[in-house]
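*Asks:* just to be clear, the model below is a prediction. Sequence and coordinates:
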Amino acid sequence: MHMDRTFQGSPTPGPNATTLARAVGLTVDMPVQLGASSVRIVDGVDFAIGVGERVALVGESGSGKSVTARALMRLDRAARVSGRVEFAGRDLLALSEREMTQVRGGDIAMVFQDPMSFLDPLMTIGDQVAETLRIRGVGKADARRRALAVLDELRVDRAAERLDAYPHEFSGGMRQRVVLAMALVGEPRLLIADEPTTALDVRVQDQVLDLLDDVSARRGLAVLFITHDLGVVAGFAERVMVMYSGRIVEDGSVDSVFARPRHPYTRGLIKAVPRIDQDLDRLYAIPGAPPPPFARPTGCAFHPRCDAAFAPCLRDVPAVLPVEGGRAACHLHASQGA
Ligand code: SF4
């Protein structure tokens with residue numbers, strides 16, 4: 001028998017935040033290339049993001065976090081997305097494709113990991129940043145002026161002189177700022193940042209995170225920050241959601257999740273964050289690998305890797321239960337109380 005894993009009540013953002021975006025029972029099925037069947041990548045995810053809130057979505061590769069983010073923006077045409085996605089009270093899954101185009105690059109914008117694959121090598125930086133506005137009917141001079149303003153805001157060196165430069169003339173960190181500028185020039189209320197610093201070295205990574213921190217605070221911009229690296233989350237996000245095998249297994253304020261992780265998977269991720277004083281040959285890694293979505297184990301999908309697994313874990317999907325400071329989906333809490 002599988003337990004119902006729906007949340008008690010609607011998902012809510014952090015304390016004192018007004019809900020900006022909300023996913024309820026968000027499920028994403030992807031067609032399998034050979035044959036007509038589909039595979040479930042995201043399985044009934046619930047969460048909310050508040051106005052101006054910074055929320056991290058964390059998990060190993062293949063956990064479904066990028067697919068979740070892309071589903072919010074309906075970016076994968078082949079995906080079958082069900083459940084409910086609300087933004088500022090509107091049901092995004094009910095919008096026409098035309099209306100959705102206005103939302104993308106308008107209220108919600110997204111940045112990806114690899115700026116070079118996103119930038120057009122044959123188009124100037126100024127034109128690429130302005131293009132988001134041009135598509136929305138803004139005049140050429142005004143779009144260029146606003147492109148320059150946002151490049152300045154993101155501290156791109158000598159932005160006015162370099163509006164007519166090409167991407168190859170910029171360093172990796174500066175290119176990531178340009179991609180951020182393309183996302184921010186439309187003045188979104190929610191920025192989805194999918195591993196935006198993974199391809200950068202640690203020093204540049206810190207600079208980009210500082211920038212995001214500043215811009216988010218100054219603009220009241222909500223950020224959904226997707227990463228496999230829990231270490232990146234601590235200084236940036238207010239809340240964290242941990243995803244495993246298509247489900248959110250724990251969420252809560254960054255302070256409470258780091259101080260007292262409730263889910264064995266979260267504990268493993270925290271243990272795997274390298275520390276400055278640690279020998280490189282003593283780095284911890286969670287044993288095993290996440291299951292592919294077409295071969296999820298029964299019960300708790302983490303059970304083959306979990307050193308705390310007991311009989312119900314092999315049989316029943318754990319319900320997501322409230323715990324102090326957040327929620328967790330683990331039978332240990334059902335049996336011991338939060
Ligand atoms: Fe481990 Fe069981 Fe909790 Fe899953 S439900 S994380 S297997 S203890």
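*Replies:* Noted; the coordinates are in hand.

*Asks:* switch to C-alpha atoms for all contacts and neighbour counts from now on
*Replies:* OK.

*Asks:* tell me the confidence at the closest residue to the ligand within the stretch 101-250 of the chain?
*Replies:* Taking CA to the nearest ligand atom as the measure, the stretch 101-250 of the chain has V249 as its residue closest to the ligand, at 8.4 Å. Looking at V249, its pLDDT is 96.

*Asks:* which elements pack onto the one helix or strand it maps to?
*Replies:* Assigned by DSSP states H and E, V249 belongs to strand 247-253. Packing partners of strand 247-253 (3 or more CA pairs under 8 Å, 6 or more residues apart in numbering; DSSP states H and E): strand 38-50, strand 239-244, strand 326-328.

*Asks:* save those as TSV, and put in mean pLDDT too.
*Replies:* What follows is the helices and strands packed on strand 247-253, written out as TSV (pLDDT from 0 to 100):
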stretch	mean pLDDT
strand 38-50	94
strand 239-244	96
strand 326-328	92
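
*Asks:* still on that earlier bit, the nearest residue to the residue of the stretch 101-250 of the chain closest to the ligand once chain neighbours are set aside: how many residues sit nearby?
*Replies:* Leaving aside its sequence neighbours, V249 sits nearest to A329 (CA to CA, 6 or more residues apart in numbering; 4.9 Å). For A329, the count of nearby residues is 23 (other CA atoms under 10 Å).

*Asks:* which residues sit in contact with A329?
*Replies:* If a contact means CA atoms under 8 Å, 6 or more residues apart in numbering, then A329 has I248, V249, E250, H263, P318, A319, V320, L321 as its contacts.

*Asks:* would JSON lines of those residues with neighbour count be doable?
*Replies:* Output for the contacts of A329, formatted as JSON lines (neighbours: other CA atoms under 10 Å):
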{"residue": "I248", "neighbour count": "26"}
{"residue": "V249", "neighbour count": "27"}
{"residue": "E250", "neighbour count": "27"}
{"residue": "H263", "neighbour count": "21"}
{"residue": "P318", "neighbour count": "23"}
{"residue": "A319", "neighbour count": "22"}
{"residue": "V320", "neighbour count": "24"}
{"residue": "L321", "neighbour count": "22"}
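
*Asks:* residues in contact with the residue of the stretch 101-250 of the chain closest to the ligand?
*Replies:* Contacts of V249 (CA under 8 Å, 6+ apart): M241, V242, M243, H263, V320, R327, A328, A329, C330.

*Asks:* now the fifth one: closest residue in space that isn't a chain neighbour?
*Replies:* It stands for V320. Nearest residue to V320 in three dimensions, chain neighbours excluded: A329, at 4.1 Å (CA to CA, 6+ apart).

*Asks:* also the third one?
*Replies:* Sequence neighbours aside, G59 is the residue nearest to M243 in space, at 5.1 Å (criterion: CA to CA, 6+ apart).

*Asks:* what's the one you found in contact with, if anything?
*Replies:* G59 neighbours (CA under 8 Å, 6+ apart): K65, T227, H228, D229, V242, M243, Y244.

*Asks:* ok, these vs A159, which is closest?
*Replies:* Distance to A159, by CA to CA, is smallest for T227 among the contacts of G59, at 29.0 Å.

*Asks:* still on that earlier bit, right, and the helices and strands packed on strand 247-253 - which one's nearest R305?
*Replies:* It's strand 239-244; of the helices and strands packed on strand 247-253, that one is closest to R305 (CA to CA) at 11.7 Å.

*Asks:* which secondary structure elements does that closest one contact?
*Replies:* strand 54-58, strand 247-253, helix 254-259.

*Asks:* highest mean neighbour count out of these?
*Replies:* Comparing the helices and strands packed on strand 239-244 by mean neighbour count (mean count of other CA atoms under 10 Å), strand 54-58 comes out on top with a mean of 27.

*Asks:* orientation of the helix or strand encompassing L211 relative to strand 54-58 in degrees?
*Replies:* Assessed by DSSP H and E, L211 sits inside helix 202-219. Computed with axes from the mean of the first three to the mean of the last three CA atoms, to 10 degrees, the direction of helix 202-219 lies at 140 degrees from that of strand 54-58.

*Asks:* so which residues make contact with helix 202-219?
*Replies:* G52, L154, G173, Q176, R177, T197, T198, L221, A222, V223, F236.

*Asks:* would CSV of those with secondary structure and pLDDT be doable?
*Replies:* What follows is the contacts of helix 202-219, written out as CSV (DSSP: H, G, I helix; E, B strand; the rest coil; pLDDT from 0 to 100):
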residue, secondary structure, pLDDT
G52, coil, 95
L154, coil, 92
G173, helix, 83
Q176, helix, 86
R177, helix, 90
T197, coil, 73
T198, coil, 71
L221, coil, 96
A222, strand, 97
V223, strand, 96
F236, coil, 89
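
*Asks:* quick check: the farthest pair among those?
*Replies:* Largest pairwise distance in those, by CA to CA, is 24.5 Å, between G52 and G173.

*Asks:* what comes up buried for stretch 287-306?
*Replies:* P290, P291, P293, P297, G299, C300, A301, F302, H303, P304, R305, C306 (16 or more other CA atoms under 10 Å).

*Asks:* these two touch, right, G288 and C306?
*Replies:* No. If you go by CA atoms under 8 Å, G288 and C306 don't touch, sitting 9.6 Å apart.
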